[in-house]
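Colleague: Using only what follows, build the 3D model:
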Amino acid sequence: MPRNITLILTNYFVGIAIRLWLFFIDYNTIFMNRVEISTPLNSWRRVVEANYISKISNSPNPYESDVIYEPPLYHMFYMVLSNLFGEQIYLMFIIADILTSYCLCVAGKKYLETLFKKEISNIDDYLPDAVNFIIKEQEIESVDVYIVAAYMLNPYIIFNCVGYTTTVFQNLYLGLFFVGIVKKNVFLASISLAAAISQSFYPILLLAPLFVTFNDKRFNATLVTTLTLIISGLILIISSFLNPKWSYLNHSLKFILSAPDFTPNIGLFWYFFIEMFEHFRTLFIYSFQLNVIALYVIPLTLRFRQDPVLLTTSLLGIITIFKSYPSLGEVGFVLAVLPFWKHLQFYMQQGLLTSVSFFMVTLLAPTVWHLWLYSGSANANFYFGATLAFATAQIFMLTDLLFAYIKREYIIKYGCVKECDGQEAVLLLE
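Modeller: Here you go, the predicted model:
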């Protein structure tokens, strides 16, 4: 058996074993109660409660109470899965993680193969010393090992799975979207993105990489984007048949955009809206939402329009940092995509800083949470400080990736020889 296959299967086996072990020792209850993992938008406990409400004859509509915040079509999907798996519902979450990691493997390998062929075809245009910096075949062969490890052994993804969150399905939709754009499969990309948009709205930013992916002679980008929006509309229409009063809109789209729940999480919304005066709320809601939805998408699209995969990753990073109700499962997905750019590791400078920051904040956040709410020896500022540090670490990681991409792009095009006044430049530290 080839070495790569052995390592991949080992990563899958270890990842599944860890999840099963945590399920069987009932640690899932602890993870389900953690605000860093479970939010009002992805809590499976709310899904179970909504299922129970739907079965009560005198109160069949779960959207009449503040229980579930996803469209009725997804609620029905969860009910079907619950009835199908029964007490073995944990298998559903494990299967979703396996499928997502496989999608990322397919997308990552195809992406690097495409990039490798492109660079080889343009090799005559590079300077002699720049040839040493193009992608190597060994990097393509090993990328699937790193992707499986980054997803199946990622603590954030494991917490997300064991904590029973619907983010596992969101990650699966996004994994399918990656496959759709790297393989230029119109229907797969459109359907998966429409499913993600309908569930949590913020993936609407990914219409930008969808557009630039299919903006060539073979496809009509406008039609593809329109198709995605039509599928999203169909999901809303089907949901309206399941909930004719349209009350679910107040518990899905409106809830996401207005952020009325101030339960602390790893995001930045909750603290600001607890502290501010009520008459400033509308101004800050618009400011925060425009920051994540509109501020970055145009400049990033213009700069990285030639690489839709990098554009998708950067926009997902923006979403996980600034959305109203983020969770560790979404951050873990972005981290799992980083092996796509293993060839950029040489150019990245903040790896140690971001790694240590993620590790320290992951340990610090539950500690200050306990000190704040149980010991009474801290306050909200302590926990918000941890979430602010977590957001800063994500920003450093994302900017480091983008700068590394630009550095490599420059070196391949112009070489790495630096000259000053016709002589080789030397950097001296005094």
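
Colleague: CA atoms for contacts and neighbours, from now on please.
Modeller: Fine.

Colleague: My guess is G329 contacts Y156. True?
Modeller: Yes. The pair G329 / Y156 is scored as a contact, 5.6 Å apart, by CA atoms under 8 Å.

Colleague: the more surrounded of the two?
Modeller: For G329 versus Y156, neighbours defined as other CA atoms under 10 Å are more numerous around G329 (29 against 22).

Colleague: Which other helices and strands does the strand or helix carrying that one contact?
Modeller: Per DSSP states H and E: G329 is located in helix 328-337. For helix 328-337, the elements it packs on are helix 137-152, helix 155-162, helix 167-182, helix 308-322, judged by 3 or more CA pairs under 8 Å, 6 or more residues apart in numbering; DSSP states H and E.

Colleague: neighbouring contacts of the last one?
Modeller: Pointing back at helix 308-322 there. 111, 178, 181-182, 202-203, 205-206, 209-210, 212-213, 267-268, 288, 291-292, 296-297, 300-301, 304-305, 326-327, 330-331, 334, 337, 391, 394-395, 398, 402 (CA atoms under 8 Å, 6 or more residues apart in numbering).

Colleague: show me where pLDDT drops low in the stretch 151-300 of the chain?
Modeller: The stretch 151-300 of the chain contains residues with pLDDT under 70 at 244-245.

Colleague: Going by secondary structure, S240 is in what exactly?
Modeller: Assigned by DSSP H and E, S240 belongs to helix 221-242.

Colleague: C-terminal to that helix, what's the next element?
Modeller: Next in line after helix 221-242, if elements are assigned by DSSP H and E, sits helix 253-258.

Colleague: and the helix or strand just after that next one, how far from the chain's centre?
Modeller: Of the helices and strands lying after helix 253-258 in sequence (DSSP H and E), the nearest is helix 269-275. In terms of CA atoms, centre = their mean, to the nearest Å, the centre of helix 269-275 is found 23 Å from the chain centre.

Colleague: which strands and helices sit next to helix 269-275?
Modeller: Checked by 3+ CA pairs under 8 Å, 6+ apart, helix 269-275 has no helix or strand packed alongside it.

Colleague: residues in contact with it?
Modeller: Here helix 269-275 makes contact (CA under 8 Å, 6+ apart) with 259, 261-264, 281, 288, 323-325, 380, 384.

Colleague: closest to E70 among those residues?
Modeller: Y325 (13.1 Å; CA to CA).

Colleague: for that closest one, helix, strand, or coil?
Modeller: The local conformation at Y325, judged by DSSP: H, G, I helix; E, B strand; the rest coil, is coil.

Colleague: Next up, the contacts around it.
Modeller: Y325 touches 39-41, 256, 259, 265-267, 269, counting by CA under 8 Å, 6+ apart.

Colleague: top of those by neighbour count?
Modeller: Using other CA under 10 Å as the neighbour test, the contacts of Y325 are led by I266, with 27 neighbours.

Colleague: picking up where we left off before, which elements pack onto the helix holding S240?
Modeller: The contact analysis (3+ CA pairs under 8 Å, 6+ apart) places helix 221-242 against helix 72-85, helix 186-200, helix 207-213.

Colleague: Just the buried residues of the helix or strand containing C105, please?
Modeller: Element membership of C105 [criterion: DSSP H and E] is helix 90-121. The neighbour-count check on helix 90-121 (16 or more other CA atoms under 10 Å) flags 90-94, 96-113, 115-116, 119 as buried.

Colleague: ok and that helix relative to helix 72-85, angle-wise?
Modeller: Going by axes from the mean of the first three to the mean of the last three CA atoms, to 10 degrees, helix 90-121 is angled at 120 degrees with respect to helix 72-85.

Colleague: what's the angle between helix 90-121 and helix 328-337?
Modeller: 30 degrees.

Colleague: now helix 90-121, how far from the chain's geometric center?
Modeller: With CA atoms, centre = their mean, you get 14 Å for helix 90-121.

Colleague: packing partners for it?
Modeller: helix 3-24, helix 72-85, helix 137-152, helix 155-162, helix 167-182.

Colleague: repeat that for 7 Å
Modeller: Packing partners of helix 90-121 (3 or more CA pairs under 7 Å, 6 or more residues apart in numbering; DSSP states H and E): helix 137-152, helix 167-182.

Colleague: Could you measure from F384 over to T312?
Modeller: Relative to T312, F384 is positioned 28 Å away (criterion: CA to CA, to the nearest Å).

Colleague: same question but for Y146, I mixed them up
Modeller: Computed as CA to CA, the Y146 to T312 distance reads 19 Å.

Colleague: that older thread, buried subset of the contacts of helix 269-275?
Modeller: 259, 261, 264, 288, 323-325, 384.

Colleague: picking that back up, show me the one of the helices and strands packed on helix 221-242 that comes nearest V47.
Modeller: Of all those, helix 72-85 sits nearest to V47, with 7.1 Å by CA to CA.

Colleague: who does that closest one touch, helix- and strand-wise?
Modeller: Applying 3+ CA pairs under 7 Å, 6+ apart, one finds that helix 72-85 makes contact with helix 221-242.

Colleague: coming back round to it: what's the angle between the helix holding C105 and helix 167-182?
Modeller: Computed by the same axes, to 10 degrees, the angle between helix 90-121 and helix 167-182 is 20 degrees.

Colleague: could you give the angle of helix 90-121 to helix 137-152?
Modeller: 160 degrees.

Colleague: Quick check: mean pLDDT of helix 90-121?
Modeller: What helix 90-121 shows for mean pLDDT is 92.

Colleague: just stretch 43-53 next, same as before
Modeller: Stretch 43-53 comes out at a mean pLDDT of 85.

Colleague: List the buried residues for that stretch?
Modeller: The neighbour-count check on stretch 43-53 (16+ other CA under 10 Å) flags 43-48, 50-51, 53 as buried.

Colleague: same thing with stretch 65-76?
Modeller: 67-75.

Colleague: Regarding this structure, what is its longest helix?
Modeller: Longest helix in the chain by number of residues (criterion: DSSP state H): helix 380-414.

Colleague: Distance from the chain centre to stretch 270-282, please.
Modeller: Averaging C-alpha positions (CA atoms, centre = their mean) puts stretch 270-282 27 Å from its chain's average.

Colleague: should've said stretch 163-171
Modeller: How far stretch 163-171 lies from its chain's middle: 11 Å, per CA atoms, centre = their mean.
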